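J.: just coords:
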Ligand SMILES: Cc1cc2nc3c(=O)[nH]c(=O)nc-3n(C[C@H](O)[C@H](O)[C@H](O)COP(=O)(O)OP(=O)(O)OC[C@H]3O[C@@H](n4cnc5c(N)ncnc54)[C@H](O)[C@@H]3O)c2cc1C
């Protein structure tokens, strides 16, 4: 290893960026290679609840907790569960002072992390093709344009379809049997009062058997809906996914018998629908140590999106950086990091898989049950009207 370790991170997602930030705070140089051409080349997705013991702990380690708090929305922790008749069957309140898992737009959090880095840290428009181990514990990073660079440590933070993972493991993501179709609403309080009423300040889910409708309020009156169902990956066979009306008709057919106020989620959205089949890595996913290469976040433990993936990516990133800072060699640092991260990833992936099976059973019932572990601070239904919309 050179005196100052040469460290590369592939992927400027939340995990990679927090890792870079903590390293730089302690004077360790790092370069992040990101395939996207600039910070704004892709909409960053919806809102994330950032948990006290994982995501928030990482942001504290990065010295960004107060700035995170200023941007976050504690009131958006509020959650409502409806059955398919739009009967409110559970309502979890959230006080402004409850900071256990405040929400923040993913784009705001990514910008906060990007702005905290030294200029030029992220090399935009640099897709990584592969990483190969070299003798003496270093690693070669192969760029898409055919060039290569050597590093003492390459950190694969490049998400579900990681190009670094094959250097450590043969595992490939597979379809989890559940698809989310995303829909958007703008300016809900003025333009979509029924949607605004259903989602209120936070999250709503309506659920029956293998189907659910979930909506989350983001900042600036924006709401994202996730039309989620168990079914084959080619549920849209014979349809052009760009044909919004045809997709809408196919979705409405799946939700026949649901209350009109809920069907508005399928009928009234702005723009098109975005198909998001869920992919997962096998559980357990692990590997034998390869000097000079490791993974974090989804690259290491892609699991169903039940609310922990981004939090774990943040924690992995902060802990890996702290391990590098706190150990005399990269090898010892990665050993220490992986000995905690791998079992934690496996535990969380098992739980996420169980939750997915409970939330999305392979049966067509009216059951709207939710595992209590998801939202433990449950209240009984409040005195609001039983029907939404
Ligand atoms: C619909 C949905 C909702 C979710 N909601 C939540 C939630 O509420 N709470 C939560 O905790 N988690 C949630 N998750 C999970 C969460 O999004 C992920 O677990 C998290 O983003 C993983 O972070 P990451 O940094 O590991 O990877 P990513 O966020 O996927 O970032 C990877 C980065 O690597 C880049 N990249 C990819 N390939 C290459 C390459 N070859 N070369 C260079 N760069 C590359 C990508 O462009 C990207 O910038 C949700 C997921 C989905 C799909």
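T.: Alright, I've got the coordinates. Quick caveat: nothing in here was measured; it's all calculated off a predicted structure.
J.: measure whichever residue of the stretch 1-150 of the chain sits closest to the ligand to residue 272 for me?
T.: Nearest to the ligand in the stretch 1-150 of the chain, going by C-beta to the nearest ligand atom, is residue 13, at a distance of 2.1 Å. Any C-beta I mention is one placed from the backbone N, CA and C, and that applies to glycine too. When C-beta to C-beta, to the nearest Å is the yardstick, residue 13 and residue 272 sit 24 Å from each other.
J.: quick one: which of those two has more around it?
T.: Shown here are residue 13 and residue 272; by other C-beta atoms under 10 Å, residue 13 has more neighbours (26 against 17).
J.: which elements pack onto the helix or strand of the chain with the lowest mean pLDDT?
T.: Ranked by mean pLDDT, DSSP states H and E, the weakest helix or strand in the chain is strand 88-92, scoring a mean of 93. With contacts defined as 3 or more C-beta pairs under 8 Å, 6 or more residues apart in numbering; DSSP states H and E, the secondary structure elements packing on strand 88-92 are strand 79-82.
J.: now look at stretch 298-308 and say if it contacts the ligand.
T.: Yes: legend: contact between stretch 298-308 and the ligand by C-beta under 6 Å from any ligand atom is shown at 298-299, 305, 307-308.
J.: can you report how many residues neighbour the closest residue to residue 100 other than its chain neighbours?
T.: Computed as C-beta to C-beta, 6 or more residues apart in numbering, the closest residue to residue 100 that is not its neighbour in sequence is residue 52, at 5.2 Å. A total of 13 residues lie near residue 52 under the criterion other C-beta under 10 Å.
J.: what's the answer for the one 3 residues further on, then?
T.: As a burial measure, residue 55 scores 27 neighbours (other C-beta under 10 Å).
J.: returning to that earlier point: show me what contacts the residue nearest to residue 100?
T.: Residue 52 makes contact with 99-101, according to C-beta atoms under 8 Å, 6 or more residues apart in numbering.
J.: returning to that earlier point: parallel or antiparallel, list what pairs with the least confident helix or strand of the chain.
T.: Partner strands for strand 88-92, per DSSP bridges, with pairing direction: strand 79-82 (antiparallel).
J.: list of residues touching the strand it pairs with?
T.: By C-beta under 8 Å, 6+ apart, the surrounding residues in contact with strand 79-82 are 88-92, 94, 198-200, 202-207, 262, 368, 370, 375, 388.
J.: shaky segments in this protein?
T.: 1-2, 366-389 (pLDDT under 70).
J.: hey, where'd the helices end up in the stretch 51-200 of the chain?
T.: Applying DSSP state H, counting those that start in this stretch to the stretch 51-200 of the chain gives helices spanning 55-61, 65-71, 106-115, 188-191, 193-199.
J.: I misspoke; the intended subject was the stretch 251-389 of the chain.
T.: Listed in chain order, the helices found in the stretch 251-389 of the chain under DSSP H, counting those that start in this stretch are 260-267, 298-301, 309-326, 330-359.
J.: mind giving me the packing neighbours of the shortest one?
T.: Counting contacts by 3+ C-beta pairs under 8 Å, 6+ apart, helix 298-301 packs against helix 309-326, helix 330-359.
J.: could you redo the last one with a cut-off of 6 Å?
T.: Contacts of helix 298-301 with other secondary structure elements, assessed using 3 or more C-beta pairs under 6 Å, 6 or more residues apart in numbering; DSSP states H and E, are made with helix 330-359.
J.: buried residues in the helix it packs on?
T.: 330-331, 333-334, 336-338, 341-342, 344-346, 348-349, 351-353, 355-357, 359 (16 or more other C-beta atoms under 10 Å).
J.: show the overlap between these and what lies near the ligand.
T.: Restricting the buried residues of helix 330-359 to those within reach of the ligand (C-beta under 6 Å from any ligand atom) leaves nothing.
J.: before we move on, back to that, distance to residue 25 for the helices of the stretch 51-200 of the chain - can I get that in a markdown table?
T.: As requested, the helices of the stretch 51-200 of the chain are arranged in a markdown table below (distance: least, C-beta to C-beta, whole Å):
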| stretch | distance to residue 25 |
| --- | --- |
| helix 55-61 | 9 |
| helix 65-71 | 13 |
| helix 106-115 | 12 |
| helix 188-191 | 39 |
| helix 193-199 | 37 |
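J.: what parts of the stretch 251-389 of the chain come near the ligand?
T.: Of all the residues in the stretch 251-389 of the chain, those lying near the ligand are 276, 297-299, 305, 307-311, 313, going by C-beta under 6 Å from any ligand atom.
J.: if you rank those by neighbours, which is first?
T.: The most crowded member of those, judged by other C-beta under 10 Å, is residue 297 (32 neighbours).
J.: close to the ligand: what parts of the stretch 51-200 of the chain are there?
T.: Taking C-beta under 6 Å from any ligand atom, the part of the stretch 51-200 of the chain that reaches the ligand is made up of 127-128, 157-159, 163, 180.
J.: try 5 Å
T.: 127-128, 158-159, 163 (C-beta under 5 Å from any ligand atom).
J.: ok, of those, which one's closest to residue 60?
T.: residue 159 (24.0 Å; C-beta to C-beta).
J.: wait, that closest one sits on residue 296?
T.: No: using C-beta atoms under 6 Å, residue 159 is not in contact with residue 296; the gap is 10.2 Å.
J.: more crowded one of the two?
T.: For residue 159 versus residue 296, the count of surrounding residues by other C-beta under 10 Å is larger for residue 296: 34 against 21.
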